[in-house]
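> Dropping a prediction and its sequence here:
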Amino acid sequence: MISLSLLFSLLLSLLLRAVLIEAQCVDDNCPPTSRSDRDKRTSASVTDRKRSTGEPCAQVSELWAARVSEDDPYPSVEAELAYACLKSVPLHKPEAIALVDAIRPYLEWQSTLAFLKNPPAGYEPAPFDLMGHLQSVRDKLVANVYAGEIEFQEDLFQMTAKARDGHFAFRPDALTKVFQFGRPFALVSYAKDPLSTPAIKVLDEVKADGDNAKTVSRINGVDASVYVERLVNQASAAPDMDAAYNSMFYSTAVEEFGLAGEFQFLGWDFQYPGEKTTIEYAEGGARSAPNFAAVTVPFADITDGEAFYQRFCAVGAADVPRAPHVPLPASMGTSLQSGDRPVPVVTSCDYAVRGYFLDGDGYEDVAVLRIFMFPMGKGSFQRFQNAMDDFLEACKADGKSKVIIDLRINQGGHIYQGYELFRQFFPHIEPDLFTRWRAHRGSMLLAKHDSAISEGDGAGSGAARYSPWSYLSDLNTTYQPFTSFKAKFGPRMWNGDSFTELIKWNLDSPYLDAGLGASLTGYGNRRNFKQPLESRDIILLTDGSCASTCSVFASLMETQGNVKTVVIGGRPNGKPMQGAGGTKGHRTMSFDVLRNTVQVVMQKEAQTSGQKDPEWQLTDLPLIRSTDAALNMVDQIRRADFETGIPAQFINEPAACRLYWTLGMLKDVTEIWKAAAGSAWNGAGCVAGAGFGGARLRVPLQRRSAGPAERSNTKVISADDSGSGSCPRADWRMKEAFEL
């Protein structure tokens, strides 16, 4: 499943087309920059300040009307003005209470409630009572604590911010539908070499002056790295602090999304970043500029805060979708990359899978498998499988004996592709990974419903036997079928909460084959595949953001495949860092899919009981009043954690080797791969981690007796190869949790 982190969920799902506000420099210490493109744009900072009277929402409306155009469909205003508009929206108390009451039944399906409230030792984020916070919001509404709608919604959003779970989100409408806030410049963090402590610099200054760019010592009066860490605590869905810290900066991976890091376009980009951003340099001098807000929806005729509410929040108002996938203007020039980019030898047509061969002394036997995401959609599994087959065949033909699996910024996606990728490398190792969900009234009613149908011989009984809600589907911890409802659904207590028993998916299933359009490698007609490489000849490469399906794959590779991980970046503390620092939940489910899944059972229960139980009833109000609503339905549990029941999400698993970014890595992605290979096989060392040991050092390369001297053109795995008839842009966001 995909992580909804704001890079990702969120973190990366919305790309801004924003006016880049020209930085105002202090003490004449601005770097030389080209202003030709920026001067053609309207400066929000000058025009907005002239409008000091009147309703702030009316002022935003005037500015939007004056600036919107085909070339600039999402014009910007000063952040301060946009936030003043939000603050002017009046609270509609009865509607707010109704929304809170409608959210609560959905939260019963969040699998991590008990462990968020009482996390194990070693879990860095603070404990958080999700249900308790929602009740606190309701109590404040009743007591008239909130001064306006946005104050209420900001407090409501703290459920999402403090859960630190990329699969969980509730984004209320007024806060998230209209404005996307940003800062006037982006940051980079890199060191002089992979083992040295990194420094923070401004991206456009590094682009102009290279390594001579000044070092940022303070941001808004606070030590620079401390300030970024504080942002992380309010603006990241990743539970791991180092992974979240990484996401704040430019990298070649985030640039693939057209972004420059979440410091500039905040991970939760609807959170107000303040009036301006001021940075101070270690070498002396400073730079300051106002922050901005992109207006992402039509904003005509919004005369005041009440008009804002009626347009964007009131139930029954016309739907106003938020701007989707808005690309950054080319003039922003976020990329530091120089020279020709590497050409893949194999790529899927959706670019989710790409294979490369490294060149140069000491790297002749190294290939790189770049897994950008695990995309959803028709034919996606077959395309993924075909691309993997062709990549490994190409490695064999060209004599590549070592593989780097590059998972940077991979936020997950199609869960079965994660299992497939593991089986491509270890086709004869059975994945030993388990799941469970909360055993509450709603989930148990659904399980009883599907189990009863599957026990019969009527219409739908055959399909119901493969439903995750039927005890006749899946396997127990000894890989045997469940023999009764209680054997699968318990309930069983962990950390003071009720859960199902531990469940292993049956990956050798004809129903699964039919749904995927192919068997997983190692099963069915793909049973005779051979293991292509030894564990010591494979490494995982991440930036800590690996999440969801990516974390499932990484766990299998590390715990069963004995493959080690190199992770790059993070806080400048020199300590070990997790390779998979995003959410490690096994499956997510959006509110709308959950409601549709249980609706029939809800109706039957209401008829039987004669009443609608508020703990069980799921209404569409939270869907109407949000731009995104999802939860973590299913935990990922490792065999080593059977007794404690601690979900993988709450366990710190440091990578074998940690490195820091260098300027060379930010300019040339092959430098990243070579640094990882150097540490894994050439004894180059690590900042932290257990390392690789002398046994993994490469033996002298032998000249290959066969193999092409020159590389052939890239092989593209097309839509026709998967039988889908089309190849849409890879999409790692998803809504269907239990549908293939």
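Cool, got the structure. In this text, all values refer to a predicted model and were calculated from it rather than measured experimentally. Numbers count the residues shown, from 1 in each chain.

> Spatially nearest residue to residue 428 (excluding sequence neighbours)?
Once flanking residues are discounted, residue 428 sits nearest to residue 522: 6.3 Å by C-beta to C-beta, 6 or more residues apart in numbering. C-betas here are computed from N, CA, C, even on glycine.

> my guess is that neighbour contacts residue 531, does it?
No. Applying C-beta atoms under 8 Å as the test, residue 522 and residue 531 come out as separate, 9.9 Å apart.

> if I look at the two, which residues touch both of them?
Any residue near both residue 522 and residue 531 by C-beta atoms under 8 Å, 6 or more residues apart in numbering counts here, and that gives 427, 428.

> Next, count neighbours for the residue nearest to residue 428.
Neighbour count of residue 522, defined by other C-beta atoms under 10 Å: 23.

> How about residue 405?
Applying other C-beta under 10 Å, we find 22 residues neighbouring residue 405.

> on contacts alone, who are the packing partners of the helix or strand hosting it?
Assessed by DSSP states H and E, residue 405 sits inside strand 402-406. Other helices and strands packing on strand 402-406, by 3 or more C-beta pairs under 8 Å, 6 or more residues apart in numbering; DSSP states H and E, are strand 366-371, strand 538-542, helix 669-681.

> I'd like to know which of these is closest to residue 590.
The closest of the helices and strands packed on strand 402-406 to residue 590 is strand 366-371. By C-beta to C-beta, the value is 23.9 Å.

> Could you pull up the mean pLDDT of that closest one?
For strand 366-371, mean pLDDT rounds to 97.

> now that strand and helix 669-681, what's the angle there?
120 degrees (axes from the mean of the first three to the mean of the last three C-alpha atoms, to 10 degrees).

> what's the following helix or strand after strand 366-371?
Downstream of strand 366-371, the next assigned helix or strand under DSSP H and E is helix 380-397.

> what's that following helix packed up against?
For helix 380-397, the packing partners by 3+ C-beta pairs under 8 Å, 6+ apart come out as strand 346-348, strand 353-357, strand 366-371, helix 415-425, strand 715-717, helix 719-722.

> could you redo the last one with a cut-off of 6 Å?
Here helix 380-397 touches strand 346-348, helix 415-425, strand 715-717, helix 719-722, going by 3 or more C-beta pairs under 6 Å, 6 or more residues apart in numbering; DSSP states H and E.

> hmm, back to that, assign the residue nearest to residue 428 to helix, strand or coil.
Under DSSP: H, G, I helix; E, B strand; the rest coil, the three-state class of residue 522 is coil.

> Surely it is in contact with residue 427?
Yes. With contact defined as C-beta atoms under 6 Å, residue 522 reaches residue 427; the gap is 3.9 Å.

> Okay, and residue 629 sits in which element?
strand 626-638.

> mind listing what that strand pairs with, with the direction of each?
Taking DSSP bridges as the criterion, strand 626-638 forms sheet pairs with strand 169-172 (antiparallel), strand 433-436 (antiparallel), strand 587-590 (antiparallel).

> Apart from its chain neighbours, what residue comes closest to residue 568?
Spatially, and ignoring its direct neighbours in sequence, residue 568 is nearest to residue 659 (4.9 Å; C-beta to C-beta, 6+ apart).

> so where is the stretch 301-450 of the chain shaky, pLDDT-wise?
Within the stretch 301-450 of the chain, the segments meeting pLDDT under 70 span 320-334, 337-339.

> Could you check how far the strand holding residue 629 is from the centre of its chain?
Taking the mean of its C-alpha atoms, strand 626-638 sits 12 Å from the chain's own mean (C-alpha atoms, centre = their mean, to the nearest Å).

> For the helix or strand following that strand, what does the pLDDT average out to?
Next helix or strand after strand 626-638 toward the C-terminus (DSSP H and E): strand 657-659. Over the span of strand 657-659, the pLDDT mean works out to 98.

> Now do the phi/psi pair for residue 76.
When quoted as degrees, to the nearest 10, the phi and psi of residue 76 stand at phi -110, psi 160.

> what do you get for residue 481?
Given degrees, to the nearest 10, the pair of backbone angles that residue 481 has is phi -60, psi 150.

> Report the separation between the residue lying closest to it once chain neighbours are set aside and residue 418.
Spatial nearest neighbour of residue 481, excluding adjacent residues (C-beta to C-beta, 6+ apart): residue 475 at 6.3 Å. Distance of residue 475 to residue 418, computed by C-beta to C-beta, to the nearest Å: 18 Å.

> Residue 316 too?
42 Å.

> In terms of neighbours, single out the busier of the two.
residue 418 (27 against 6).

> For the residue lying closest to residue 347 once chain neighbours are set aside, name its beta-bridge partners.
Of all residues beyond its chain neighbours, the one nearest residue 347 is residue 354 (4.5 Å), with distances taken as C-beta to C-beta, 6+ apart. Judged by DSSP bridges, the bridge partners of residue 354 are residue 347, residue 370.

> residue contacts, residue 354?
Counting by C-beta atoms under 6 Å, 6 or more residues apart in numbering, residue 354 makes contact with 344, 347, 370.

> Go again with 8 Å.
Contacts of residue 354 by C-beta under 8 Å, 6+ apart are 344, 346, 347, 348, 369, 370, 372.

> Low-confidence ranges, the stretch 551-700 of the chain, go.
Applying pLDDT under 70 to the stretch 551-700 of the chain picks out residues 606, 609-615, 694-700.

> just the stretch 101-250 of the chain next, same as before
Low-confidence segments of the stretch 101-250 of the chain (pLDDT under 70): none present.

> switch to 90 and redo it
233-237 (pLDDT under 90).

> Okay, helices next: where are they in it?
Listed in chain order, the helices of the stretch 101-250 of the chain (DSSP state H, counting those that start in this stretch) span 113-117, 130-142, 149-163, 173-176, 203-209, 224-235, 241-247.

> Any chance of CSV for those helices, columns mean neighbour count and distance to residue 364?
Below are those laid out as CSV (neighbours: other C-beta atoms under 10 Å; distance: least, C-beta to C-beta, whole Å):
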stretch, mean neighbour count, distance to residue 364
helix 113-117, 21, 47
helix 130-142, 16, 52
helix 149-163, 22, 47
helix 173-176, 23, 50
helix 203-209, 20, 32
helix 224-235, 18, 39
helix 241-247, 29, 31
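
> which one of the ones you listed lies closest to residue 436?
Closest of the helices of the stretch 101-250 of the chain to residue 436 is helix 113-117, at 12.0 Å (criterion: C-beta to C-beta).

> so what's residue 661 up against?
188, 189, 190, 191, 194, 198, 251, 568, 569.

> So which of the residues you listed is the closest to residue 122?
Nearest to residue 122 among those, counting by C-beta to C-beta, is residue 569 at 20.8 Å.

> just checking, that closest one touches residue 542?
No. Judged on C-beta under 8 Å, residue 569 makes no contact with residue 542 at a distance of 9.4 Å.

> okay, those two: which has more neighbours?
Neighbour count, other C-beta under 10 Å: between residue 569 and residue 542, residue 542 has more, with 31 against 27.

> residues in contact with stretch 513-522?
Residues outside stretch 513-522 that contact it (C-beta under 8 Å, 6+ apart): 379, 381-382, 385, 416, 419-420, 423-424, 427-428, 507-508, 512, 523-526, 529, 722-723, 740.

> And these, which of them are buried?
Buried subset of the contacts of stretch 513-522 (neighbour count, 16 or more other C-beta atoms under 10 Å): 379, 381-382, 385, 416, 419-420, 423-424, 427, 507, 512, 523, 526, 529, 722.
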